[in-house]
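**Student:** starting from these lines, generate the structure:
(one chain, ligands or ions: 2)
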Amino acid sequence: MSTPLESWVEESARLTKPSKISWCDGSQAEIERLTDEMLRDKTFVGLNRKTYPNCYLHRSNPNDVARTEGLTFICTHKKEDAGPTNNWMAPADAKEKVRPLFDGCMKGRTMYVVPYIMGPANSPYSKVGVEITDSAYVVANMRIMSRMGKVALDRLGSSSDFVPGLHSVADLNPERRFILHFPEEKLIWSIGSGYGGNALLGKKCFALRIASWMAREQSWMAEHMLILGLEDPSGKVTYMAAAFPSACGKTNLAMMVSALESQGYRVWTIGDDIAWMHIAEDGTLRAINPEAGFFGVAPGTNVKTNPNVMSALHHDTIFTNVALTDSQEPWWEGMDSAAPAGLTDWHGNSYTSGKAPAAHPNSRYTVRASQSASISSRWEDPAGVPISAFIFGGRRARVAPLVYESYDWQHGVFVGSTMASETTAAATGAVGVTRRDPMAMLPFCGYNMADYFGHWLSMGPKLKKAPKIFHVNWFRRGADGKFLWPGYGENVRVLKWMLDRIEGRAGANETAVGFVPKPNSLTLDGLSISRETIDELLRVDAGDWADEDQAVGKFFEKFGSRLPAALGEQHKALGERLSGSSVATR
Ligand code: OXD
Ligand code: MN
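**Tutor:** Ligands and ions are numbered 1, 2, ... in the order given. The predicted model follows:
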């Protein structure tokens, strides 16, 4: 009798017709064999063995360099269940369309069966997935990003409790590229891309899109959030989870070297991208990081923005689409001041300065989380860490103050649901356009976002003490167009204010949008910043917020009657507070 996993592997092999099936055990011998193969067939370029031992560069097909949201679908029986912010196909139509593309797509190639666990191997909150793929590069990445191989098979046994994900790079033709999610049957199909979130199915496909659906069914939360611990001078650590859209410094915040270290405040990393959070028996919200590594954007990463990751990347790292120096070391824009002579660009051509960037703007590193000096001793705690605060944030030149605290859970959910960020030059499209990205989940929510808001609203009251909800904006600019706040390691000052609020120590002013720090409640010693700048950073501008209020109304209209009434009420209350028509008791 075959196990459910064996049956699915056999069925997939009948469809894709590989010449060989290889069950991955995650061993050292296996990765060495795969690495040798990838060096031979030029999937990998070996890096400098002295300065970057066990590090490799992969150059992807230039048409396959990022997640493709336009080709990503949520396939639910009812269109309304996918909602207005997702692409949708009916499950039967999606399979009819894409099955022929899988038919024979692995002919002459090896099919790898990659069992993996999302979450610490011994945590009750972790879950098993199995990815079938014809890409050795995907196997090598999954080995870093998840607990992969024997450990996962041992956990699964003969159970059917795993999320199957069928993946093939096929012919890498974007016209035949589809990233399909079937949340009702907890299944993933991905074809035509070998890159990142399209191909490493444990990450965005399982740990966010499928898991967000599971989480609503089972009363937990799967969020696009970093998890960090803030240690105070007594050694006590308070855990916070934070959601930011891309290009807002999420990985840097998670791995920050605190500017207040000499005062005893340190930041510890649990995760940089995804949080799975469950209500524990004691009524706390416990977070685990389902991932085992960081798949981070390289450009802009340097010893100032993220010293911890810069040291971590010097061994056992896969680089994708970065540039290469003449001493076989990785390089990217923003690593140091100027491009060194003799650089090879991400296409493998000799680099000419002033033209296109040497490293692709979405070039990446894949590195084990345990390699960062900032990794928390509790990052693999099977019970998770208790979350005391949620932080939402975006990149806003105006409008949002440096930090504010919501009045309560419901208001905090409203703040998260209306999160927005200005697009940057790092992404294609117009720059500086404000895009709503609720809870940073716009591309990752596996069901109707209105129902997702409803799920959030329902979670707070189930907790003994719901986390406080804050909003931050590191990117506010002054009249001269310059950033008002220094950012990076100085952001710990804002985290410290949050900690002081959690502990009932810090003062705040009540405004129409939430509680804003009293200027003297921020710890600013050692930072040269004027009182005027602080006032400007904390200002709630009535005109800007009136515009914001209107934009929120427009955004909410998308969801029609499915929008939870509580959010409509929160919106109305904000309007009233802004126009001064409600008595300012808040
Ligand atoms: C990521 C993303 O790669 O959010 O983490 O796009
Ligand atoms: Mn992400």
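**Student:** was I right about residue 289 contacting residue 277?
**Tutor:** No. Applying C-beta atoms under 8 Å, one finds residue 289 not in contact with residue 277, separated by 10.6 Å. C-beta here means a position set from N, CA and C on the backbone, and glycine is covered the same way.
**Student:** those two: who's more crowded?
**Tutor:** residue 289 (29 against 26; other C-beta atoms under 10 Å).
**Student:** separation between that one and residue 513?
**Tutor:** From residue 289 across to residue 513, the span is 31 Å (C-beta to C-beta, to the nearest Å).
**Student:** can you check residue 242 too?
**Tutor:** 19 Å.
**Student:** also residue 539?
**Tutor:** Taking C-beta to C-beta, one finds residue 539 at 11 Å from residue 513.
**Student:** where do the contact lists of the two overlap?
**Tutor:** Listed contacts common to residue 539 and residue 513 are residue 401; contacts here mean C-beta atoms under 8 Å, 6 or more residues apart in numbering.
**Student:** ok, the two, which is more surrounded?
**Tutor:** Ranked by neighbour count (other C-beta under 10 Å), residue 539 and residue 513 place residue 513 first, with 23 against 15.
**Student:** burial measure for residue 455, as a count.
**Tutor:** Counted with other C-beta under 10 Å, residue 455 comes out at 20.
**Student:** list the contacts of it.
**Tutor:** 215, 216, 221.
**Student:** one more time with 6 Å
**Tutor:** For residue 455, the contacting residues are residue 216, by C-beta atoms under 6 Å, 6 or more residues apart in numbering.
**Student:** next: residue 222.
**Tutor:** Residues near residue 222 by C-beta under 6 Å, 6+ apart: 208, 211, 212, 215, 276.
**Student:** for the last one, pull up the helix or strand it's in.
**Tutor:** By that I understand residue 276. Secondary structure assignment for residue 276, by DSSP states H and E: strand 275-279.
**Student:** state the pLDDT value of residue 325.
**Tutor:** pLDDT for residue 325: 97.
**Student:** what's the burial count for it?
**Tutor:** Applying other C-beta under 10 Å, we find 18 residues neighbouring residue 325.
**Student:** return the residues of the stretch 251-400 of the chain in contact with ligand 1.
**Tutor:** Contacts of the stretch 251-400 of the chain with ligand 1, taken as C-beta under 6 Å from any ligand atom, map to residue 273.
**Student:** repeat that for 8 Å
**Tutor:** 273, 295, 296, 297, 364 (C-beta under 8 Å from any ligand atom).
**Student:** of those, which is the nearest to residue 497?
**Tutor:** Nearest to residue 497 among these is residue 273, at 24.7 Å by C-beta to C-beta.
**Student:** what pairs with the strand holding residue 276, and is each one parallel or antiparallel?
**Tutor:** Partner strands and pairing direction for strand 275-279 (DSSP bridges) are strand 221-223 (antiparallel), strand 285-288 (antiparallel).
**Student:** I'd like those as TSV, with mean pLDDT appended.
**Tutor:** Shown next, in TSV, are the strands paired with strand 275-279 (pLDDT from 0 to 100):
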stretch	mean pLDDT
strand 221-223	98
strand 285-288	98
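**Student:** what's the closest of those strands to residue 447?
**Tutor:** strand 221-223 (11.1 Å).
**Student:** just the strands in the stretch 201-350 of the chain please.
**Tutor:** 221-223, 226-231, 237-243, 266-271, 275-279, 285-288, 293-297, 318-320, 323-324, 330-331 (DSSP state E, counting those that start in this stretch).
**Student:** export the ones you listed as TSV, with columns for distance to residue 78.
**Tutor:** Shown next, in TSV, are these (distance: least, C-beta to C-beta, whole Å):
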stretch	distance to residue 78
strand 221-223	21
strand 226-231	33
strand 237-243	27
strand 266-271	33
strand 275-279	26
strand 285-288	30
strand 293-297	33
strand 318-320	37
strand 323-324	47
strand 330-331	47
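**Student:** looking at those strands, which is nearest to residue 375?
**Tutor:** The nearest among the strands of the stretch 201-350 of the chain, by C-beta to C-beta, is strand 266-271 at 5.4 Å.
**Student:** what is the host helix or strand of residue 100 packed up against?
**Tutor:** For residue 100, the host element (DSSP H and E) is helix 91-102. Identification of packing neighbours for helix 91-102 by 3 or more C-beta pairs under 6 Å, 6 or more residues apart in numbering; DSSP states H and E yields strand 178-182.
**Student:** now do whatever helix or strand comes next after the strand it packs on: distance to the chain's middle.
**Tutor:** Where DSSP H and E defines the elements, the next helix or strand beyond strand 178-182 is strand 187-191. The chain centroid and the centroid of strand 187-191 are separated by 20 Å under C-alpha atoms, centre = their mean, to the nearest Å.
**Student:** how far does the strand holding residue 276 sit from its chain's centre?
**Tutor:** 15 Å.
**Student:** can you offset everything so residue one is 33?
**Tutor:** From this message on, residue numbering opens at 33, which makes the last subject strand 307-311.
**Student:** list the contacts of it.
**Tutor:** Under C-beta under 6 Å, 6+ apart, the answer for strand 307-311 is 157, 252-255, 257, 259, 273, 317-320, 322, 494.
**Student:** what about residue 151, neighbour count?
**Tutor:** Neighbours of residue 151 (other C-beta under 10 Å): 24.
**Student:** tell me which parts of the stretch 83-232 of the chain are close to ligand 1?
**Tutor:** Within the stretch 83-232 of the chain, the positions near ligand 1 by C-beta under 8 Å from any ligand atom are 98, 99, 228, 229.
**Student:** among the residues you listed, which ones are buried?
**Tutor:** 98, 99, 228, 229 (16 or more other C-beta atoms under 10 Å).
**Student:** so of these, which ones are in helices?
**Tutor:** Within those, residues falling in helices by DSSP state H are 228, 229.
**Student:** can you list the residues of the stretch 433-582 of the chain near ligand 1?
**Tutor:** 472, 475, 476.
**Student:** from residue 118, how far out is the residue lying closest to the second one once chain neighbours are set aside?
**Tutor:** Put plainly, it is residue 475. Excluding the flanking residues, the one nearest residue 475 by C-beta to C-beta, 6 or more residues apart in numbering is residue 101, at 5.0 Å. As for residue 101, its distance to residue 118 is 9 Å (criterion: C-beta to C-beta).
**Student:** contacts only, for residue 453.
**Tutor:** Residue 453 makes contact with 277, 426, 427, 469 under the criterion C-beta under 6 Å, 6+ apart.
**Student:** check contacts around the first one.
**Tutor:** Right, the one you point to is residue 277. By C-beta under 6 Å, 6+ apart, residue 277 lies in contact with 453, 469, 472.
**Student:** now do the third one
**Tutor:** By C-beta under 6 Å, 6+ apart, residue 427 lies in contact with 280, 453, 454, 507.
**Student:** one more time with 7 Å, if that's ok
**Tutor:** 279, 280, 453, 454, 456, 507 (C-beta atoms under 7 Å, 6 or more residues apart in numbering).
**Student:** and residue 399, backbone torsions?
**Tutor:** phi -140, psi 140 (degrees, to the nearest 10).
**Student:** nearest residue to residue 532 in space, please, no chain neighbours.
**Tutor:** For residue 532, the spatially nearest residue (C-beta to C-beta, 6+ apart) is residue 538, at 3.5 Å.
**Student:** what about residue 164, which helix or strand?
**Tutor:** Going by DSSP H and E, residue 164 is part of strand 159-165.
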